[in-house]
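**Student:** Predicted model and sequence follow; I will ask about them next.
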Amino acid sequence: MKKNLIIVVLLVLIVFIIGSTLLEKKVYSSNQAFIAVTNFPLYEISSKLLRDKIDIEKLIPFGVEAHAYTPSVKTMIQVSKAELFIYSGLGMEPWITQNYDNALNMSEYIELQEMSEKHHHENAHQDEQSDPHYWLDFENMIRMTLVLSDSFEKKFPELQNMIKNNSKAYIEDLKILQKNVY
């Protein structure tokens, strides 16, 4: 019985070690181009524009509340090594406390909506007057796509034609979706 218990404990330990190794984030070498983004909307646009040509690291894992996320030191080192570090701004990432040379704050490029009183009370944005969930607006998604397209074309000039074509196609998809929603 004791022997079976030891075997079970060892198997659980092995599965845990293998699982945590598989979940470990990729560490990028200094010669491998990649961009770092904080949330899914930024990841979505970036992946549509860059396809599989440039790696995209989504910093906040799926299912983790952006306001509750605290990056590791390793993650912050990755941010500084990225070709571009793209974040939402407006307090969505309270852990961003310094300026990065490679940073792109998307809230500086979009049209901000005033936060509703209901939203103020239901969310953790008590200090802000603008709704930080600006990507829920189709026009802002289009603006974000154009800004990211321009930034990517400057960072990766060898991919300029592909990025332009992907940007046009993605914007058309957004417009079709917008038409179907409204």
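**Tutor:** Structure's in. What do you need?
**Student:** Tell me which stretches of the protein form strands.
**Tutor:** Secondary structure of the chain (DSSP state E): strands at 34-37, 55-58, 84-87, 103-105.
**Student:** List of residues touching the last one?
**Tutor:** The one in question is strand 103-105. 84-89, 96, 147-148, 151 (C-beta atoms under 8 Å, 6 or more residues apart in numbering). Any C-beta I mention is one placed from the backbone N, CA and C, and that applies to glycine too.
**Student:** For Glu172, state which of those is nearest.
**Tutor:** Using C-beta to C-beta, Leu148 comes nearest to Glu172 of these, at 16.0 Å.
**Student:** contacting residues around that closest one?
**Tutor:** Leu148 neighbours (C-beta under 8 Å, 6+ apart): 42, 45-46, 49, 86, 104.
**Student:** tell me the helices in this structure, going along the chain?
**Tutor:** Secondary structure of the chain, counting by DSSP state H: helices at 2-23, 40-50, 73-81, 117-122, 138-155, 160-181.
**Student:** Identify each buried residue in the second one, please.
**Tutor:** Going back to what we said before, that points to helix 40-50. Neighbour counts using 16 or more other C-beta atoms under 10 Å place 41-50 of helix 40-50 among the buried residues.
**Student:** Check stretch 155-172 too.
**Tutor:** Those would be 155-156, 159, 162-163, 166-167, 170-171, for stretch 155-172 by 16+ other C-beta under 10 Å.
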